[in-house]
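Trainee: Dropping the sequence and predicted coords here.
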Amino acid sequence: MDSLESLDPGDVPPPVKRRSRRTWVILGVVAGVLLLCVTVAVVMVTVPHKPERLKGTFISRCELFQGYDCENLWSVFQQAYVGKDPCKVPMEAYDPLIATAPFKPACNRMMFWSKTKDLVQDFTEKRGCFLTLEETVLGFVLDNLTWCGKEGSSETFTSGCPGWGDCENNPVGSFWRRASAAFADVACGDVSAVLNGSIETPFSTTSIFGSIELKRFKYPTVRSLKIVLVSQENTVSNCTNPSFKDLQRELGAGIKYNCTEMTESQFNECSSDPETCGPCW
């Protein structure tokens with residue numbers, strides 16, 4: 001725009017009109033900001049809980065399995081946490097859900113893991129003969145999901161929920177502990193567990209594997225436990241790691257123990273032959 005000095009006096013708008021125009025601009029900006037704030041506020045109110053979306057994910061995943069009444073399974077699942085303080089949902093709250101879809105033994109094929117989830121899931125997708133908790137109906141439908149209820153509410157919430165570090169008896173943590181216990185209860189034959197060799201303490205007594213699953217293995221139902229210690233390029237631990245002494249002390253009497261070290265590339269090569277059903281370690 002040209003400067004005011006280059007305009008004729010008659011071309012210069014009266015001061016009052018200039019202020020009026022500026023006022024309208026300011027009011028327009030303020031209105032826009034207020035509209036944005038209202039929109040954000042509405043989104044913040046309505047987005048946190050989307051029970052329909054959670055239910056849709058739950059049902060669609062469930063329907064990939066045969067022999068389950070998925071609507072009933074969803075109903076039983078909700079009974080564990082809806083209307084409850086999200087920090088007061090104990091493991092036992094999921095007992096009816098476990099009873100509705102009990103885990104089935106898969107002798108010599110059950111695989112457990114600790115701090116190696118992505119690696120193990122990629123492995124079991126390629127070698128379908130191994131079974132992890134996340135490949136059972138309950139583990140699959142709730143994998144990577146978040147949910148909780150609130151006292152006095154009949155709704156399901158998917159955000160604003162307490163996490164693993166917020167309180168012990170949160171809905172998600174309690175489910176996975178209870179499901180892990182039930183899954184380990186049906187372990188039989190030769191069991192495998194994939195642990196992380198790229199950390200200083202591959203076995204932790206406070207992990208779900210160390211505090212729950214391992215303690216559920218009973219001889220003679222479980223004959224042996226094979227630890228597969230997988231390391232990336234930076235190998236930090238091996239099978240002589242002191243933490244494995246703790247593991248052996250926790251392992252049930254009579255169960256044979258063995259540990260094998262593998263690189264991640266070797267582990268991935270092990271899964272490259274889907275025609276061979278069995279361990280390659």
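Mentor: Right, received. Where do you want to start?
Trainee: How about residue 55: what's its closest non-neighbour residue?
Mentor: With sequence-adjacent residues excluded and distances taken as Cβ to Cβ, 6 or more residues apart in numbering, residue 55 is closest to residue 74, at 5.9 Å. In this view, the C-beta of every residue, glycine as well, is placed from N, C-alpha and C.
Trainee: so what secondary structure elements neighbour the helix or strand hosting the one you found?
Mentor: Of the helices and strands defined by DSSP states H and E, residue 74 is found in helix 70-79. The criterion is 3 or more Cβ pairs under 8 Å, 6 or more residues apart in numbering; DSSP states H and E, and the helices and strands that helix 70-79 contacts are helix 51-62, helix 95-100.
Trainee: what would those helices look like in a markdown table with mean pLDDT?
Mentor: Below are the helices and strands packed on helix 70-79 laid out as a markdown table (pLDDT from 0 to 100):
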| stretch | mean pLDDT |
| --- | --- |
| helix 51-62 | 92 |
| helix 95-100 | 98 |
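Trainee: Where does pLDDT dip in the stretch 51-200 of the chain?
Mentor: Residue ranges of the stretch 51-200 of the chain with pLDDT under 70: 51.
Trainee: Strands of the protein, start to end?
Mentor: Counting by DSSP state E, the segments of the chain that form strands are 111-114, 189-196, 222-231, 256-263.
Trainee: Please identify the buried residues of the second one?
Mentor: The one in question is strand 189-196. Neighbour-count burial for strand 189-196 flags 190, 191, 192, 193, 194, 195, 196 (criterion: 16 or more other Cβ atoms under 10 Å).
Trainee: so what secondary structure elements neighbour that strand?
Mentor: In terms of contacts (3+ Cβ pairs under 8 Å, 6+ apart), strand 189-196 is packed against strand 111-114, helix 117-126, strand 222-231.
Trainee: Tabulate the strands of the chain (CSV), appending distance to residue 83.
Mentor: Listed next are the strands of the chain as CSV, based on distance: least, Cβ to Cβ, whole Å:
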stretch, distance to residue 83
strand 111-114, 33
strand 189-196, 37
strand 222-231, 39
strand 256-263, 45
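Trainee: And these: which comes nearest residue 180?
Mentor: Taking Cβ to Cβ as the criterion, residue 180 comes closest to strand 111-114 out of the strands of the chain, the separation being 8.5 Å.
Trainee: For that closest one, give me every contacting residue.
Mentor: Counting contacts by Cβ atoms under 8 Å, 6 or more residues apart in numbering, the residues outside strand 111-114 that touch it are 119-120, 124, 130-133, 184, 191-196, 202-204, 207-210, 213.
Trainee: thinking again about what came up before, can you say which of the strands of the chain is nearest to residue 62?
Mentor: Using Cβ to Cβ, the nearest of the strands of the chain to residue 62 is strand 111-114, at 22.1 Å.
Trainee: Distance of the residue nearest to the spatial centre of the chain relative to residue 54?
Mentor: Centroid-nearest residue in the chain: residue 144, 3.2 Å away (criterion: Cα atoms, centre = their mean). Note on residue 144: its distance to residue 54, by Cβ to Cβ, to the nearest Å, is 12 Å.
Trainee: Can you report how many residues lie near the residue nearest to residue 55?
Mentor: By the other Cβ atoms under 10 Å criterion, the neighbourhood of residue 74 contains 18 residues.
Trainee: My read is that it contacts residue 57, right?
Mentor: No: Residue 74 is not in contact with residue 57 according to Cβ atoms under 8 Å; the separation is 10.4 Å.
Trainee: who's in contact with residue 187?
Mentor: The contact partners of residue 187, by Cβ under 8 Å, 6+ apart, come to 105, 110, 213, 216, 217, 221, 222.
Trainee: separation between the closest residue to it other than its chain neighbours and residue 207?
Mentor: In space, and not counting its chain neighbours, residue 187 is closest to residue 110: 5.0 Å by Cβ to Cβ, 6+ apart. Counting by Cβ to Cβ, the gap from residue 110 to residue 207 is 17 Å.
Trainee: Which of these two has more residues huddled nearby?
Mentor: residue 110 (25 against 17).
Trainee: Show me the beta-bridge partners of that one.
Mentor: With DSSP bridges as the criterion, residue 110 is bridged to residue 131.
Trainee: List the contacts of it.
Mentor: Here residue 110 is in contact with 130, 131, 132, 183, 186, 187, 188, 191, 192 (Cβ under 8 Å, 6+ apart).
Trainee: Residue 268 now?
Mentor: So, once contact is read as Cβ under 8 Å, 6+ apart, residue 268 ends up touching 122, 123.
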